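Trainee: Everything below, folded, please.
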Amino acid sequence: MIKNKLVFGIAGLFNKQDGFYRNEFNNASYDDQKGGQGNYYLNYQANSRLSVLFNLKHQLQLNKGAFPLRASMFESFNKPFSVDQNSTTQMRDRTLNSSLSVKYDHSDFAFVSQSSYQENYRFYVDPIDGDFSANDIISVVNNYGNDFNKVKVATQEFRVSSPTGSLSPLAWQTGAYGFIQNNPVKQGTYFGDDAGMYGSPITNFTSINTNLGSGYGFALFGQATYPLTSNLNLIAGIRYDYEHQKQSVKGEFLPNGGNAIVTQAD
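Mentor: Numbers count the residues shown, from 1 in each chain. Here you go, the predicted structure:
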């Protein structure tokens, strides 16, 4: 630590909760949850004009029984706080947020740079029940590895404005903003031994949908404010935006023990 120059902070939290529900299928507790999160920051005051702040937050939530639902309203009221699901799993939900802020105060202007990165990765370790019953009808699969179901976004902003505490009646600011994002989603619907109960003519296969989304964009902006009277301000501003999005969709049929067959190629 550097006195009056560098400050470091850290905070953490751990939570654990036993489930309120019980699964009749395996006579086990349902909806058990635990998780943890941390927050770290580093603040550097280089001098009276320049400061830098870095912040990092991360969170992991584990839920052993994410959807305590029944197949009908009658079952929900007849047997409260109980489920009857044959597909049991754990949902893993991991989030990461980081930011870097740089501020510089000059006698003629103020400059701010704001950078950020955000990431969320959520999936079910094993297939999760989709029919909310003890029958092997439908379950949902989305554990297809680290390349899917992880949303990532990075942003950057630069801003220059009139100096803090300026005596000039004119207040102004201008800057630029940009972002880039990636959203690869892959999810399968598995039809089990009892899929015929939902009208499926065949059983034991997975219908897989893969949706790949990516994009980027930037903006330029400016604004000025001038007081015409003590009660009336004149504000003028302009902004230019550009955004590019790319998306693709693919459907596949995967029989148990076989190879995937593309049913929709985009």
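
Trainee: From now on I want contacts and neighbour counts done on CA atoms only, so please keep to that.
Mentor: Fine.

Trainee: all helices of this protein, in order?
Mentor: In the chain, the segments counted as helices under DSSP state H are 73-78.

Trainee: what residue ranges in it score low on pLDDT?
Mentor: 1-3 (pLDDT under 70).

Trainee: which residue packs closest to the most centrally placed residue in it, ignoring adjacent ones?
Mentor: Taking C-alpha atoms, centre = their mean as the criterion, Asn120 is the residue nearest the geometric centre of the chain, at 4.1 Å. For Asn120, ignoring the flanking residues on the chain, the nearest one in space by C-alpha to C-alpha, 6 or more residues apart in numbering is Thr95 at 4.5 Å.

Trainee: I'd guessed the residue nearest to the centre of the chain sits against Asp93; true?
Mentor: Yes. Asn120 lies in contact with Asp93 (C-alpha atoms under 8 Å); the separation is 7.3 Å.

Trainee: any idea how far Val125 is from Asp18?
Mentor: Computed as C-alpha to C-alpha, to the nearest Å, the Asp18 to Val125 distance reads 19 Å.

Trainee: for Gly237, that is, sorry about that
Mentor: Taking C-alpha to C-alpha, one finds Gly237 at 50 Å from Val125.

Trainee: The two: which is more packed in?
Mentor: Val125 (16 against 12; other C-alpha atoms under 10 Å).

Trainee: That one: what's it in contact with?
Mentor: 89-92, 143 (C-alpha atoms under 8 Å, 6 or more residues apart in numbering).

Trainee: What of Ile235?
Mentor: Ile235 touches 223-226, counting by C-alpha under 8 Å, 6+ apart.

Trainee: okay if I get these as JSON lines plus neighbour count?
Mentor: As requested, those are arranged in JSON lines below (neighbours: other C-alpha atoms under 10 Å):
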{"residue": "Gln223", "neighbour count": "15"}
{"residue": "Ala224", "neighbour count": "16"}
{"residue": "Thr225", "neighbour count": "15"}
{"residue": "Tyr226", "neighbour count": "15"}
